[in-house]
Structures are given as C-alpha cells and as structure tokens.
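Enquirer: sequence-free structure coming up:
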C-alpha cells in the first residue's frame, strides 16, 4: 500500500509542469480579443483601445542589466501590450516607443532593437548553444538546437531597407508569413527624436526546426495558460561601439538566450463585457469511430444549472459532458445544446457537427 501511495505521489509530482521563471512575484496579462475584434496589423492603435490600461507594460518595469543606466523617460519611454484570440495560436503585440535618438540607417544589426523572446510551453533552459553547459558541436549546435524550443526575435525599430526581425536561431522562416507579420508607423528620421508604433504578430513554437515548418509544433494557447515571455530594448543613441542601454523586462541579461530567465504571462479569458449573460456552445471529439462513440464537451458561458442535448438521432441527454453512441453509419447529424440558468436560456445548434462513417 505504501509503495502504491509513493508511486502515485511521484507520478503526480513529475507530471506537474515545472515553472522556473524570473520575477516570481510578477505575473503579466495577455488580453483576449473577441473573434470579431481581432487587431488589424496596420500600425494604427485604434484596435487596441478596448485593451484596459492594466495590460500596458511600461518603462518602469524595465531594468538595464548591462550598463546599469537609470530609466529616463526623456531618453526612452515604451509601452507594450500583448493580445491573443481563442482558437488562434498567435500572439499580437503593440509596441509604442518614444526615443530621443532613433538609430536605423546602418546596414546589418546596428539599429535600435526591440528584442522579444517567447517560450510557449515553458520548456525553459538555454536555447542558444553558446550558453549551454554541455555545448553541442557544429553543425548540431546550430541545425538541431539553436532556438528550436524558444524563439528570439531581434526586431529592428524601425526597419529601413532591412527585414523587420532577425531571428536569433536556426529558423528565419518563423519571422515570415504565414507565421508572422509586422507594420511600423513613425514620422521621424534617423538621428531624430520621435514616437514609433510597431504592431506585429508572431506564432510561438514548442519546436521550430531549421528545415522549415513541416515538422514544427506550434504552441497551443489556452485560457489561463502561463507562457514565458520577456523583452529587451537595445538603445543605440548614435554612439559607436554598441548600445547605450540594455533595458529588459526580466531584469536578467540572459533572458535573450535562456528561457528560464523569462517572466510569466497569463493568457486571460474573454472579458465579461464581451459576453452575453448566458451563451451556449460545445465541442465534440471522436472517441471510437468503429463503435460510433462521440464525446461532447460543454463550453458554454454563464451561470448554468441545466443542460439538454439533442444528438440528432432522436436521443437526448441532460449531462453536462455526455458521451453518445450512434447506431447508423454513413450519416450526418445536427447536434443541439440548450443551457439554462438564473439569468436565462440559450441554445446552440451546429449542423453536421457529427459525421459517422
């Protein structure tokens, strides 16, 4: 009995996701956009007006961990908001920045940089080979390891006659459509002060190999899931020999190469103001097609006290999440769900939700 109990405890312990992130007292939020209000990537900020101010992460959250330059909003002042849409495994960013000197007329990487790192499954650990303790040998170091489980986007702010982002890893394809897109809006010239707006989206990957997306694994984004993110701003200010400041969110320089040095971001549920008091919805999953067995999951919103399922074959159920066995092959079925609660009643009907072969 004792051995069984220990086995159960060990199983639970080792199956629990390990979260080793910086600033454990902090948990930032990612705003969920309604599906009819997905931000258009056009450099305009109007789509983000529905995002509460509490989602904005500003200069005060940053720390220069390389040169210890104090935060000075007259020199550099930034605001970042992140959004997502349920059912779409993408992260939307709005980056707004004032800089007293924009550096962007040189070729290569000599540019003001907004560097974003994402670890969609909290795999943690170094994702750049130079920072492993057990370094791989070339070419494995680059082609098999470099950035495959967390992604680093070196984003030019702005990008003038160069790509919008340099991917610090082996897979530059992650910064191109259909996996990412970016638009800038600014009216200042190189060497001038002014405000820049950068709007972009990226696709986080649990596995992003060198050879392309065929074997890639996109990170699954779900409500209340925590993912690892951090960013840094490399502020040039026109000086030779490197940047003037390395201001970063995790307060740890190695956030750019080690996913354990990121900070926690929670994918927030859709706000109440975007819901009706009660909404009916559901999903279905094939359990066993040979047995014609289908599982239904209630995904309704609101305070619900009763469920009525109509499976399209004359059978019904009042369970919240029923499993139903169909009898006839070669059929399509219309499935209906009616939910009821103290604030009313709602119904969802999905034609041909179930097809039995």
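Expert: Right, received. Where do you want to start? Everything numeric here is computed off the predicted structure, so don't read it as measured data. Numbers count the residues shown, from 1 in each chain.
Enquirer: Now residue 131. Nearest residue, chain neighbours left out?
Expert: residue 257 (4.4 Å; C-beta to C-beta, 6 or more residues apart in numbering). Where you see a C-beta, it was placed from the backbone N, CA and C, and this is true even at glycine.
Enquirer: And residue 298, by the same measure?
Expert: residue 320 (5.0 Å).
Enquirer: quick one: secondary structure of the residue nearest the centre of the chain?
Expert: In the chain, the centroid-proximal residue (C-alpha atoms, centre = their mean) is residue 91; its distance is 4.2 Å. Under the three-state scheme (DSSP: H, G, I helix; E, B strand; the rest coil), residue 91 adopts strand.
Enquirer: in the sheet, who's paired with it?
Expert: residue 202 (DSSP bridges).
Enquirer: Assess the claim that it and residue 201 are in contact.
Expert: Yes - between residue 91 and residue 201 a contact is recorded at 6.4 Å, counting by C-beta atoms under 8 Å.
Enquirer: How about the secondary structure of residue 49?
Expert: Residue 49 - assigned by three-state DSSP - is helix.
Enquirer: follow-up on the earlier one: can you get me a residue count around the residue nearest to residue 131?
Expert: Residues contacting residue 257 under the criterion other C-beta atoms under 10 Å number 19.
Enquirer: Against residue 306, how distant is the residue nearest to residue 298?
Expert: 9 Å (C-beta to C-beta, to the nearest Å).
Enquirer: Look at these two and report which has more neighbours.
Expert: For residue 320 versus residue 306, the count of surrounding residues by other C-beta under 10 Å is larger for residue 320: 15 against 11.
Enquirer: Identify the bridge partners of the residue nearest to residue 24 when sequence neighbours are not counted.
Expert: Excluding the flanking residues, the one nearest residue 24 by C-beta to C-beta, 6+ apart is residue 264, at 7.8 Å. For residue 264, the beta-bridge partners under DSSP bridges are residue 27, residue 228.
Enquirer: residues in contact with residue 264?
Expert: Taking C-beta atoms under 8 Å, 6 or more residues apart in numbering, we find residue 264 in contact with 19, 21, 23-24, 26-28, 226-228.
Enquirer: Kindly provide the distance from it to residue 26.
Expert: Taken as C-beta to C-beta, the span from residue 264 to residue 26 is 7 Å.
Enquirer: again with residue 289
Expert: 46 Å.
Enquirer: Then residue 87?
Expert: Taking C-beta to C-beta, one finds residue 87 at 28 Å from residue 26.
Enquirer: the more surrounded of those two?
Expert: residue 26 (15 against 8).
Enquirer: Identify the residue nearest that one in space, chain neighbours excluded?
Expert: Nearest to residue 26 is residue 263, by C-beta to C-beta, 6+ apart, at 5.9 Å.
Enquirer: Hmm, the one you found is touching residue 230, no?
Expert: Yes - counting by C-beta under 8 Å, residue 263 does reach residue 230; the two are 5.4 Å apart.
Enquirer: which residues do those two both contact?
Expert: With C-beta under 8 Å, 6+ apart as the test, residue 263 and residue 230 both reach 22, 249-250.
Enquirer: Break this structure into its domains for me.
Expert: 20-267, 275-356 (automatic domain parsing).
Enquirer: surely residue 60 meets residue 76?
Expert: No - using C-beta under 8 Å, residue 60 and residue 76 do not qualify as a contacting pair, with a distance of 12.0 Å.
Enquirer: Which residue of these two possesses the greater neighbour count?
Expert: residue 76 (23 against 9).
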